[in-house]
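S.K.: sequence unavailable; structure follows:
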């Protein structure tokens, strides 16, 4: 399909990201439909004109009316959904997702999928520490990265199609990575950082310290407010890459500890200068 | 001294925090003077009306004209300054500082200080990852914590005096801790978080990942842009408390790693729920 304005887009899983997609696509004039098991999510989205149609069950006439389907489900639920309902798609339907891990699902989905529809994986690198369509906000896509993870099975049209999706949603940068490169990258940049925030928050009973904290601790632990169901699943599905980076970080942190213990100020300062130099690459204009 | 508007305040060390103090106090109508070895800092502050008088050397007539002196120096330089120039203070001068470590300097300063002037330690829990009076911004004090660290040598008037300073600078919460409690707290909330950010930034060559990063990595490494001279000195001066928390964090992180390695999803989720629960205490209204 092309992104012409009378296209019918079905969003399956109307959470924070699915809801934010819906908001953006509805505003752009698309016919946005949604399926979510939570009646409140559908009611909220209808009342607030985030979707045009919404359902809590999976109806063949709805699924088959969609030109494109975007999955905002947890990985395992997503795989089950395809098993159960893929017969409903009309031929030529384009499918994508928002899942935070890729190699463990992209190949499996493509393997089991009917040959007359196409699934291309993508990952919007945006989020908030709140949940549900009630907090949907397509402003989070501005300045953010959108990653496409094609395999050999994907057509050039599908890659272009999902790239256009990223652009019309408002993402600032569209990149292409293999599913493996994606998972490696996400193990370090996202999953490791979440593990660090959790360990920092849980390693010491700190409630009495609230009155004294500065911004650095708040910034480091913002993501310590974590959806345990979703993130434990994501960690398990990307275990090898995550464990590799957890060990790398542990070694580095332990060596920093040794420098401080041994009073190796020269080495410590060198490490800090490397840190400052590397951090400069990550500055955003508004940072 | 009382905070009456014709008071003469001398700021020694016109960096980011000293400069931000100067900005706030000048706007409130005080006669603000500054000493800094950097001619550019003095020139900038005079041109931008952040101070009324500024000097790159230490003149007796300037120091002795001050009702209060605020030290924005690195710990060791601060100790040396007192040795060299304390004879210049006029009797009754009130002294405070902005230093990020306390037990290693508060007692020593008070020990060596003339009996007719009084030093009361304080720590403004505010900062930015930029330096110098050129980046001074007294807006950073809003919503921030101001900590007073009195000892048995301090008078009630001095504690009230420095509390008033915190309030007129715009801090939201003024707290009193012993120097030891302060250092323990800062070891965890501030120094440990800086060590984590540095280790996360230096543990992996990550420049090629800039195109893919989300906000969580940016937030966690904002403070990885670090002043190596200042922070290595602060770490060394608070080594015991910092090392204790580094080891606590290492143990916690390693145990999280083991849970993930062993697929202990129940324990992992429980840890995440504890993390979320604790983080809720640290939410600011604007967070």
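M.R.: Good, I have the coordinates. Keep in mind that what you see is a predicted model, and the values were worked out from it rather than measured.

S.K.: just give me how far the longest helix along chain A sits from the chain centre.
M.R.: Determined from DSSP state H, the single longest helix within chain A is helix A:239-261. Put simply, helix A:239-261 sits 25 Å off its chain's centre (Cα atoms, centre = their mean, to the nearest Å).

S.K.: could you do stretch A:212-221 as well?
M.R.: Mean-position distance between stretch A:212-221 and its chain equals 25 Å (Cα atoms, centre = their mean).

S.K.: what are the ranges of the strands in chain A?
M.R.: Here chain A has its strands, by DSSP state E, at A:8-12, A:31-35, A:53-55, A:68-71, A:94-97, A:118-119, A:121-125, A:145-149, A:173-176.

S.K.: relative to helix B:239-261, how tilted is the longest helix of chain A?
M.R.: Orientation of helix A:239-261 against helix B:239-261 (axes from the mean of the first three to the mean of the last three Cα atoms, to 10 degrees) gives an angle of 170 degrees.

S.K.: report all helices and strands that helix A:239-261 contacts.
M.R.: Counting contacts by 3 or more Cβ pairs under 8 Å, 6 or more residues apart in numbering or on different chains; DSSP states H and E, helix A:239-261 is packed against helix A:179-186, helix A:193-202, helix A:265-281, helix B:193-202, helix B:239-261. Where you see a C-beta, it was placed from the backbone N, CA and C, and this is true even at glycine.

S.K.: I'd like those helices laid out as CSV, including distance to residue B:214.
M.R.: Supplementary listing: the helices and strands packed on helix A:239-261 in CSV, determined by distance: least, Cβ to Cβ, whole Å:
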stretch, distance to residue B:214
helix A:179-186, 9
helix A:193-202, 9
helix A:265-281, 15
helix B:193-202, 14
helix B:239-261, 20
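
S.K.: residue A:37 is nearest to which of those?
M.R.: Ranking the helices and strands packed on helix A:239-261 by proximity to residue A:37 (Cβ to Cβ) places helix A:193-202 first, at 25.7 Å.

S.K.: now the closest one against helix B:265-281, angle please.
M.R.: Computed by the same axes, to 10 degrees, the angle separating helix A:193-202 from helix B:265-281 equals 70 degrees.

S.K.: quick one: residues in contact with helix A:193-202.
M.R.: A:217, A:220-224, A:226, A:231, A:235, A:242, A:246, A:249, B:192-193, B:196, B:200, B:216-217, B:220, B:249, B:252-253, B:256-257, B:260, B:271-272, B:274-275, B:278-279 (Cβ atoms under 8 Å, 6 or more residues apart in numbering or on different chains).

S.K.: equivalent analysis for stretch A:64-73, please.
M.R.: Applying Cβ under 8 Å, 6+ apart, the contact partners of stretch A:64-73 are A:1, A:7-15, A:17-18, A:21, A:33, A:63, A:78, A:81, A:88-90, A:93-99, A:161, A:165.

S.K.: mind giving me the PyMOL select for the residues you listed, buried ones only?
M.R.: Per 16 or more other Cβ atoms under 10 Å in any protein chain shown, the buried members of those correspond to this PyMOL selection:
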select buried, chain A and resi 7+8+9+10+11+12+13+14+15+17+18+21+33+63+78+81+88+89+93+94+95+96+97+98+99+161+165
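
S.K.: alongside chain B, which residues does the stretch 51-200 of chain A contribute?
M.R.: A:125-127, A:144-145, A:147, A:173, A:175, A:177, A:185, A:188-190, A:192-200 (Cβ under 8 Å from any Cβ of the partner chain).

S.K.: picking up where we left off before, are any of the contacts of helix A:193-202 buried, and which?
M.R.: A:217, A:220-224, A:226, A:231, A:235, A:242, A:246, A:249, B:192-193, B:196, B:200, B:216-217, B:220, B:249, B:252-253, B:256-257, B:260, B:271-272, B:275, B:278-279.
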